[in-house]
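*Asks:* Got a sequence here, can you build the structure:
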Amino acid sequence: QVQLVESGGGLVQAGGSLRLSCAASGRTFSIYGSGWFRQAPGKEREFVAAISWSGGSTNYADSVKGRFTISRDNAKNTVYLQMTSLKPEDTAVYYCAADRAYYYGSDSRKYDYWGQGTQVTVSS
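*Replies:* Numbers count the residues shown, from 1 in each chain. Prediction:
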């Protein structure tokens, strides 16, 4: 079993930056593919970014390419999402996810563990 806890959300002005963290505890985190998803009010949860267990491969949604960067530090059991040039449409609850079968894609159904989410609000 793996427990995930997100942090780093908050209120920021458009054009600003935030860094989200996802700390894992429980079984060895380094073997899991990991991803970030977000859900805005009234909308479905959507894929943001994902990273392989080694950190050598990443995937991004088109809407965040060039603005967001996913990374991980397996020694700290933590995955990060650096968000820059934030826009009001990035406002959402951001969730961290981990998959025990090395998956690091955009299909939320393939992730086994989820955090509780952290709110990101971007004001215009």
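*Asks:* would you list every one of the strands in this protein?
*Replies:* 2-7, 10-13, 18-26, 33-39, 46-51, 58-60, 68-73, 78-83, 92-99, 113-114, 118-123 (DSSP state E).
*Asks:* quick check: mean pLDDT across the third one?
*Replies:* It stands for strand 18-26. The pLDDT scores in strand 18-26 average 94.
*Asks:* which of the residues in that strand are buried?
*Replies:* For strand 18-26, a neighbour-count test (16 or more other C-beta atoms under 10 Å) marks 18, 20, 21, 22, 23, 24 as buried. All C-beta spots, glycine's among them, are computed from the backbone N, C-alpha and C.
*Asks:* Pick out the residue closest to the middle of the chain.
*Replies:* Using C-alpha atoms, centre = their mean, the residue of the chain that lies closest to the mean C-alpha position is residue 36, 2.4 Å off.
*Asks:* Run a quick neighbour tally on the nearest residue to that residue once chain neighbours are set aside.
*Replies:* The shortest distance from residue 36 to any non-neighbouring residue, by C-beta to C-beta, 6 or more residues apart in numbering, is to residue 48 (4.3 Å). Counted by other C-beta atoms under 10 Å, the residues lying close to residue 48 total 24.
*Asks:* any idea how far residue 25 is from residue 48?
*Replies:* 22 Å (C-beta to C-beta, to the nearest Å).
*Asks:* In contact with residue 124, which residues are there?
*Replies:* By C-beta atoms under 8 Å, 6 or more residues apart in numbering, residue 124 lies in contact with 14, 88.
*Asks:* Just the pLDDT at it, thanks.
*Replies:* The model's pLDDT for residue 124 equals 94.
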